[in-house]
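Visitor: Provided below for reference: sequence and predicted model.
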Protein chains: 2
Amino acid sequence: MYSIDFSAFFSSAFSVDCIIFGFSDGEIKALLIKRSVKPFENYWAVPGDLVYPNEDLPQAAERILFELTGLKNIQLPQSQTFGKPNRHPQGRVITIAFFALIRIEDFEVKASSWAEEVNWVSVKNLPELAFDHNFILSSTYEIFKQKLQYEPVCFDLLPERFTLNEMQQLFEFAFNIEMDKANFRKKIKNIPLIAHDEKQQNVKHRPAKLFSFDKVNYHERVKSGEYQFKM
Amino acid sequence: MYSIDFSAFFSSAFSVDCIIFGFSDGEIKALLIKRSVKPFENYWAVPGDLVYPNEDLPQAAERILFELTGLKNIQLPQSQTFGKPNRHPQGRVITIAFFALIRIEDFEVKASSWAEEVNWVSVKNLPELAFDHNFILSSTYEIFKQKLQYEPVCFDLLPERFTLNEMQQLFEFAFNIEMDKANFRKKIKNIPLIAHDEKQQNVKHRPAKLFSFDKVNYHERVKSGEYQFKM
DNA sequence: GCAAAAGTGTTTGGATTACACCCATGC
DNA sequence: GCATGGGTGTAATCCAAACACTTTTGC
């Protein structure tokens, strides 16, 4: 049936790579770690790890995210799978990429055997990464941008309380466009937001109002079919 | 570093599953094969195969498509990867799903060791499939529908020459909605189509005009940034 | 008062919707 | 001629873009 022995197929490994995106200073950034082991020693890389033989894939992604950031209960959508035969120098390793969207403010580096040095790097200014990680990261960024347009995931990146201008800046950065302030506000007027009395602090201009995403209201309205997020 | 021996990771296999969609009689259908071997003997399944140790993933998907349909040079976008530890009774096998959109008219079953019986089945009327193939197929169908909205992939499913009503039926079926004929035509008026002099044959009402998708024009206009497909 | 950014209103043209109507073909 | 779908026009409405304007804060 097969031209090689059936058992020869069971000689591959797979890994999970976890692309972690954040937003600060008007830029979307990815969390990179510096490798302290061969291969690609001293290269920056996307956090990832081999998957245990009995471990589920999303579970492995959660493990990596938790070990690195201490964060739990974050959605980890799948990006793509990368499996060129020669992508890993130590054997056939295919990797399934996941991505997480987190608030940089919530993030705190945890000690980890494979994460001595950790850094947020703007997606528009990436260094040369280990393995095929440049390709994995940029492919995943495209998938994330797709999601940004049709699901309210921008609020996973923005602080819990944000200004409308911060929100606008996120979209301007992602899609590399400039938007009109007045029109932006009209565009988002149907998104369920909670307006707080609280204002921005320590700015040398009129302080902006702070908003939160009204998740409960959003889910109700989506469920009833009366609303569909769209940017 | 790891709590198990490094070589123990290299004991998995992976497969590629290829979901093939087509459109006929106003319905979107998937190509299923009947398994003649264990496990899941006599169950219908999505065509798939183990990936050779030196084979690239898209190449494996192309191979499966070609063996089954004789078709080549078809885009095979990736869907998702499915890897629950117990999804395959014979060991840890994760599977990468791809999907192909083909014209049923171009399709011709080829003999194949693993495809004795082949059938097009409406995605709204699927039987119980082998393995986790119901889940794989429905997840892939959702991804395909996403693509249908923002890329001109409907023309990969429609005959080379199609009527506007056939096109409308495709969208009505996919999104489970009814559309106004006049408004549908206004909506698509920016899509570059070639109008042929040829008319529909053998219908017992006024024959409809036939159209083709103007791929060349489309790519030019997308490249210059003046056009973005949207349904 | 001035700089800087927050925040709002008006106009315009293009797209979406609902709906009505005419046209070509087979039988 | 009539049933069946093909094909088009109109009016009301909604939405997006462009742009101008007012407001509030720090210094």
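Guide: Noted; the coordinates are in hand. Residues are numbered from 1 along each chain as shown, chains lettered A, B, ... in the order given.
Visitor: pLDDT on the lengthiest helix in chain A, on average?
Guide: The helix that spans the most residues within chain A, counting by DSSP state H, is helix A:133-150. Taken as a whole, helix A:133-150 has a mean pLDDT of 97.
Visitor: Could you do stretch A:107-123 as well?
Guide: Mean predicted confidence for stretch A:107-123 is 80.
Visitor: now swap in stretch A:62-71 and tell me
Guide: pLDDT averaged over stretch A:62-71 gives 91.
Visitor: With stretch A:171-190 instead?
Guide: pLDDT averaged over stretch A:171-190 gives 97.
Visitor: rewinding a little: any residues touching the longest helix of chain A, and which ones?
Guide: A:17, A:19, A:21, A:28, A:30, A:45-46, A:77, A:79-80, A:82, A:95, A:97, A:99, A:101, A:123, A:126, A:128-129, A:153-154, A:171, A:174-175, A:229-231 (CB atoms under 8 Å, 6 or more residues apart in numbering or on different chains). Every C-beta, even on glycine, is put in place using the N, C-alpha and C of the backbone.
Visitor: Following element in sequence after it, please.
Guide: helix A:154-157 (DSSP states H and E).
Visitor: circling back to that earlier point, so is the longest helix of chain A next to DNA strand D?
Guide: No: for helix A:133-150, no contact with DNA strand D is found by CB under 7 Å from any atom of the strand; the gap never falls below 12.1 Å.
Visitor: give me the residue from chain A nearest DNA strand D.
Guide: Closest contact between chain A and DNA strand D, by CB to the nearest atom of the strand, is at A:Arg206 (2.6 Å).
Visitor: Which pLDDT value goes with that residue?
Guide: For A:Arg206, pLDDT reads 95.
Visitor: what about it, neighbour count?
Guide: 7 (other CB atoms under 10 Å in any protein chain shown).
Visitor: what do you get for A:Ser138?
Guide: Around A:Ser138 there are 12 residues (other CB under 10 Å).
Visitor: Can you report how many residues lie near the closest residue to DNA strand C within chain A?
Guide: Using CB to the nearest atom of the strand, A:Ala182 is the residue of chain A that sits closest to DNA strand C, at 2.9 Å. Neighbourhood size, A:Ala182 [other CB under 10 Å]: 8.
Visitor: ok, now A:Gln168?
Guide: Counted with other CB under 10 Å, the neighbours of A:Gln168 add up to 18.
Visitor: Does it lie in a helix or a strand, and which?
Guide: Going by DSSP H and E, A:Gln168 is part of helix A:164-175.
Visitor: Please see if that helix touches DNA strand D.
Guide: No: contact of helix A:164-175 with DNA strand D (CB under 7 Å from any atom of the strand) is absent, the minimum separation being 11.4 Å.
Visitor: which helices and strands sit right next to that helix?
Guide: Judged by 3 or more CB pairs under 8 Å, 6 or more residues apart in numbering or on different chains; DSSP states H and E, helix A:164-175 is in contact with strand A:27-34, helix A:133-150, helix A:154-157, helix A:181-187, strand A:209-213.
Visitor: In a markdown table: the ones you listed, plus distance to A:Phe66.
Guide: Shown next, in a markdown table, are the helices and strands packed on helix A:164-175 (distance: least, CB to CB, whole Å):
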| stretch | distance to A:Phe66 |
| --- | --- |
| strand A:27-34 | 13 |
| helix A:133-150 | 19 |
| helix A:154-157 | 16 |
| helix A:181-187 | 35 |
| strand A:209-213 | 24 |
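Visitor: Chain A: strands as residue ranges?
Guide: Along chain A, counting by DSSP state E, strands occupy A:13-24, A:27-34, A:44-45, A:48-50, A:78-82, A:93-101, A:117-122, A:193-199, A:209-213.
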